[in-house]
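Participant: output the structure for:
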Amino acid sequence: MTNPLPRRRLIQVGGAGTAASLAGCLSTFGSDDDTNDAENAALTDDEPTVALAVNVDEEEFEQIQADVFERVEDGDIDQGEAQAEMEEAQTELIGDAVAAFESRAEETDGLAVADVAGEIGLALVEGETSALIEALAFDEVAALLPPDEFETA
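Facilitator: Predicted coordinates:
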């Protein structure tokens, strides 16, 4: 018997719904403190804003890792060179994943990329709640996170 909704997808959808509803509904708990004006203004927007973590191509990363490890074992490169190659490969894969997500987001109604931190694989995304939840189905998307995750990155 196949599971129509795998555990991972259930957690993603639940997390997205929670993040989107919190981003859109917390404004009802307004504050009397004027120091939170910018935060309160963001919460009252019609379109919630969330941070989005992208997926890298794990198979390609594992292949690169295996190739580099083999070259270290063969004595073709040292540990420092291997580390530098792995960091460069990881940066390239993250950049590719961010670019792929940005392209996909442009094609999606109700979804807009406000900012990206390509080096760490995060995008600040705003849009309709349904579009944000739909984004979880994108292969390029790993998770929806609170927007402050992007700001602290």
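
Participant: looks like His130 contacts Leu111 (just checking).
Facilitator: One thing to correct before we go on: residue 130 is Ser, not His. No: under the criterion of CB atoms under 8 Å, Ser130 lies out of contact with Leu111, with a separation of 9.6 Å. For every residue, glycine as well, the C-beta is placed using N, CA and C.

Participant: of these two, which one has the most company?
Facilitator: With neighbours defined as other CB atoms under 10 Å, Ser130 and Leu111 compare such that Leu111 has more, 21 against 12.

Participant: let me see the contact set for that one.
Facilitator: By CB atoms under 8 Å, 6 or more residues apart in numbering, the contact set of Leu111 is 105, 125-128, 131-132, 134-135.

Participant: is Ala117 bridged to anything, and to what?
Facilitator: Per DSSP bridges, residues listed as beta-bridge partners of Ala117: Leu122.

Participant: want to throw the contacts of Leu111 into TSV with pLDDT?
Facilitator: What follows is the contacts of Leu111, written out as TSV (pLDDT from 0 to 100):
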residue	pLDDT
Ala105	92
Val125	94
Glu126	94
Gly127	93
Glu128	93
Ala131	92
Leu132	91
Glu134	91
Ala135	91
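
Participant: mind giving me the PyMOL select for these, buried ones only?
Facilitator: Buried subset of those, written as a PyMOL selection, criterion 16 or more other CB atoms under 10 Å:
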select buried, resi 105+125+126+127+128+131+132+134+135
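
Participant: most widely separated two among the contacts of Leu111?
Facilitator: Taking CB to CB as the measure, the contacts of Leu111 reach their widest spread between Glu126 and Glu134, a distance of 14.0 Å.

Participant: which intervals of the chain have sub-threshold pLDDT?
Facilitator: 1-46 (pLDDT under 70).

Participant: quick one, longest helix in it?
Facilitator: Ranked by residue count, the top helix of the chain under DSSP state H comes out as helix 79-106.

Participant: the strand or helix carrying Ile133 - contacts with which helices or strands?
Facilitator: Following DSSP states H and E, the helix or strand that holds Ile133 is helix 129-135. Packing partners of helix 129-135 (3 or more CB pairs under 8 Å, 6 or more residues apart in numbering; DSSP states H and E): helix 7-25, strand 111-117, strand 122-127, strand 141-145.
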